[in-house]
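Sequence first, then the predicted structure, then my questions.
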Amino acid sequence: MDKRGKIGAMADSLRRCAASDKLKGLVKVRGLASVHDFILLLLILCIVLPLCMVVSKPSLSDYASAFTSDVFRSAMANTAVLCVLSASLSAAIGYFYAYAIAYSRVPFKRFFAAMPLVHLILPPSVSGLSFILLFGRNGFVTKTLLHLDVSLYGLPGTVVAQVLCFFPIAYVICLQRLRSINHSLENAACAMSDGYARVFLLTLRLSHSAILQSFLFVCVLSASDFGNPLILAGRFRVAAIEIYSALTGWIDVGKSACMGTVLLIPSLLLFILQSRLEAKGERRTSQIGKGSQSDLIAAPPAGLNHCASGFCMFMASCIAAQVVSVSLGAFQNIWGVDWSLTLKHMASIANAGLELRNSIVFSFFGAVAAVVVASVCAYSVFRVRHALSKVMHAVISLPAAVPGTLFGMAFLLLSANAGIRSSRLMISVAMFVGFVPFAYRIFSSRLLQISESLDDASSSCGASWRRTFIRVFIPLSGESVFSSLFYCFARGIGTVSAVIFLVSFDTPLASVRILSLTEQGFWGDAAALSLFLMVVIFLLLLLAYAAIRLFGRKDAGFEKGFIFL
Amino acid sequence: MKRIVTCLLLLAAAFAVIPGCRKKDKVEPLKVYAIIHEEETRALLDLFTKKTGIPAVFLHSTTGELVNRVIAEKGKPQGDVILGGASSYHMQLSDMGLLEQYSSPAASKFPKYALSKDGTWTGFCVLALGIGINEKRYREKFPGIPEPSSWEDLLNKAYKGEIVMTNPVASSTAYLFLQNQLQRLGEERGWKYILELAPLVGQFPESGSAPAKLIGTGEYALGISYLHALAKYAHEGFGVKAIPVARSVGDVDCISIIKGSGKIDESRKFVDFILSREAQELMSGISFTTPVDSNCSVPDGCVDIGKLDLMEYDADKASSEREAVLAKWTKEAR
């Protein structure tokens, strides 16, 4: 931090020398504008165009009949209830988990810090199945261990499953904020010998916007979530399911597209609110290049440490139970029914070689594209403040608010209307578009933490924006490069809804195959394929980590990124 | 040294991956959209290639997804043949002008219900509805009640929350069940039956295979499903029992050629092959479906079409009033 601090101080003095404010930012803009325009065009082609096709598909009468139907209204009301419940629970759990990791003394901290992220590499259709086998009416935990005769189908089950799915994301958002808090205020409170409760309240005040932000973020995800309600919602009908059944049951693209479009509106509002909050919250916390960070003196009381450890252990074991259940399922004769051991499911993986290779290749290309575009985009939006920057920010954030099924439909229409026959290209684009907002989010929050004086220093010394981008920004955000690459890659491999209409005869995907295997009742084969996929992702992660340890700069924070995401 | 080793490893990984996406077959294969399960599709295609020398590939998905795909690809289809799917879906595609006409000589002696009026699709196996129970859960939950054997038995109030049936909007199985009741009891009494049953149902999942799955794991005690799906689960080792019911209806899984397919000759050969006795016996052995062709021998555990009490089923009526029935169902039953 020392070196950066010095650079920052130098930059500050340089800035003072450059009396005119207008001088700032002028040097580095040259050349960036054309890149900016190119990327904006690309994003409009990949994101806005397909969505326009979907939105313009239904006729006005489709919209009219949707708004007046009871099915639609009750689905919307149910979606709202589900959203609020699972988002508030996810945000609360995510915050306390992050607090436990960042502030208290939890044994095996690295393990617990990484555990929530394991959920991200579980293919969604299998995590739903393992949830039924563990917590269903005849589930291992509910029936065999606790002897309960409960039915979680409906709202409760969906909420629990969604919380397990989405609290890791709330956790990441909160942890990011908690780690970037400057502890001097808390230390002052501690020095004035306040009780720990007051120190905690102070921390809460410093980071409360992260809770709100993760609440809104999970709201959007929960509204567009399809996998969990499909398996668990039972008679509780939500909008994402109605969209799917309008499409596959009524064979009515118009109706389905119109429900999707209507669902888009609240999602967009929430999303706009969320990104406003994010920008406001993080502008205050920029710290890299602004002198040194003080450590927290206040130590949490022993009671809190125990609570935190217990809490972490409980949440981690919920996730671990799902992973263990999948691993066992791969070796049982019939997962959860006939426990005798067999290797036949593992042998069936040999049939899925092409699927596995396709999944890995396409999502790798998708992830690389997402990282490159997201990083350049974040840089140009937050450093250049071009007239079109706001448009670009909105466009690149848009896919996060769109239900996956709707995007799947959008790409299907695009490839049919534009005559694009290459399903390889379309799948890679779908994976890129689906996860680029998350990469962008990671980069932009990193960028807001890096003081602008570093850029000023670089450009004052005559560096072009490209040089500043490559030599200053990228090295300082190694952790973001790594975490966004991994995130996009792992989610791309697992995604189903956006690519289900795009797979073709020579481009089958592992995630789609897993879904179709579970649909046909071959659970063992599905579990075996999932397990294999998880191991592959994990090995690739280790390989990437090893490569970065060997080639990367030691101070770039890559190691931290490894725990981080 | 370490760097070199890692470099080599990364290179090796890259090369292991890249050839996968550059592989190209010399002969363009026949492309089959498969709605019937993957296992039997694979076996059937292998046998077809072995017999005719025509290479074939397939893409498996649910009925709804594949039908949408065929509609979206209108004019420039990617696939050549649709294998499987209830007759109502094929009728819908045929009405939209998306199917090629072909009356296979292999189907000349087939019963009328397996042949389309306009000569587009042909049915190859019969799917009959029935009741499935998880014997263990049933005995635990309802020790005094004998197993249901008729559709009326399902209306027992004690079953509340223990029945599972698919959502008729999303699944052709459940729509067939609605039509079964409407055609069996007549419009008025049929709806009374349906509306009386609906509150007893625990959930209406979207996918046609869900009831057999949920009964198989003992999540629910009873379900309404295709008998062959239940027989298949029982054969796999799940604790499921398939109960044929009097006055039930059957639908046929159909095959049709997509209009605009560039491989008409190969597609016709494929249709002939699927309707042949050899292919039907192979399929029945895997999926426990009953071939339309009554000359075929069927495996143990499979429902014998001769022993079923099937009623006359008016598929055209079912297809034409689908929208209206589903709208009423959505409004009143759910």
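Perfect, I can see it now.

Could you list the low-pLDDT ranges of the chain?
I'll assume chain A. Scanning chain A for pLDDT under 70 picks out the ranges A:1-33, A:125, A:193-194, A:249-251, A:278-298, A:384-386, A:551-565.

try chain B instead
B:1-26, B:305.

For the residue in it that chain A sits nearest to, which three-state class applies?
Residue nearest to chain A within chain B: residue B:64 (2.5 Å; Cβ to the nearest Cβ). Any C-beta I mention is one placed from the backbone N, CA and C, and that applies to glycine too. Assigned state for residue B:64: helix (three-state reduction, DSSP: H, G, I helix; E, B strand; the rest coil).

Can you give me the neighbour number for it?
The tally of other residues near residue B:64 (other Cβ atoms under 10 Å in any protein chain shown) stands at 24.

Then the one 10 residues further on?
Counted with other Cβ under 10 Å, residues neighbouring residue B:74 total 15.

Is it correct that it is in contact with residue B:98?
Yes: counting by Cβ atoms under 8 Å, residue B:74 touches residue B:98, with 6.2 Å between them.

Show me the domain layout of the chain.
As the question left the chain open, I've gone with chain A. Using automatic domain parsing, the domain parsing of chain A gives A:24-55+A:349-555, A:57-181+A:208-286+A:297-341.

I was after chain B.
According to automatic domain parsing, the domains of chain B span B:27-126+B:251-297, B:128-250+B:318-332.

Among the domains of chain A, which comes closest to residue B:323?
Evaluated over the domains of chain A, closeness to residue B:323 peaks at domain A:57-181+A:208-286+A:297-341, with 8.0 Å, by Cβ to Cβ.

Is chain B within reach of the closest one?
Yes: remark: domain A:57-181+A:208-286+A:297-341 sits within contact range of chain B at A:70-71, A:132-133, A:136-138, A:151, A:153-154, A:230-231, A:234-235, A:237, A:241, A:244-245, A:247-251, A:253, A:333-334, A:336-338, by Cβ under 8 Å from any Cβ of the partner chain.

Give me the subset of these lying in helices.
A:70-71, A:132-133, A:230-231, A:241, A:244-245, A:247-248, A:253 (DSSP state H).

returning to that earlier point: would you mind giving the domains of chain B as JSON lines with distance to residue A:223 added?
Converted to JSON lines, the domains of chain B look like this (distance: least, Cβ to Cβ, whole Å):
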{"stretch": "domain B:27-126+B:251-297", "distance to residue A:223": "22"}
{"stretch": "domain B:128-250+B:318-332", "distance to residue A:223": "18"}
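
Tell me which of these lies nearest to residue A:391.
domain B:27-126+B:251-297 (30.3 Å).

Endpoint to endpoint, the closest one covers what distance?
By Cα to Cα, to the nearest Å, the extent of domain B:27-126+B:251-297 from end to end equals 35 Å.

Over to stretch B:124-143?
End-to-end distance for stretch B:124-143, by Cα to Cα: 40 Å.

at contact distance from chain A, anything in it?
Yes: residues of stretch B:124-143 are located near chain A by Cβ under 8 Å from any Cβ, namely residue B:137.

Quick one: distance of that stretch to the chain centre.
How far stretch B:124-143 lies from its chain's middle: 18 Å, per Cα atoms, centre = their mean, to the nearest Å.

if we can go back for a sec, of all the domains of chain A, which one is nearest residue B:93?
Proximity to residue B:93, assessed across the domains of chain A by Cβ to Cβ, is greatest for domain A:57-181+A:208-286+A:297-341 (9.3 Å).

chain center to the closest one, what's the gap?
Computed by Cα atoms, centre = their mean, the chain-centroid distance of domain A:57-181+A:208-286+A:297-341 equals 11 Å.

start to end distance for that domain?
With Cα to Cα as the measure, domain A:57-181+A:208-286+A:297-341 spans 51 Å from end to end.
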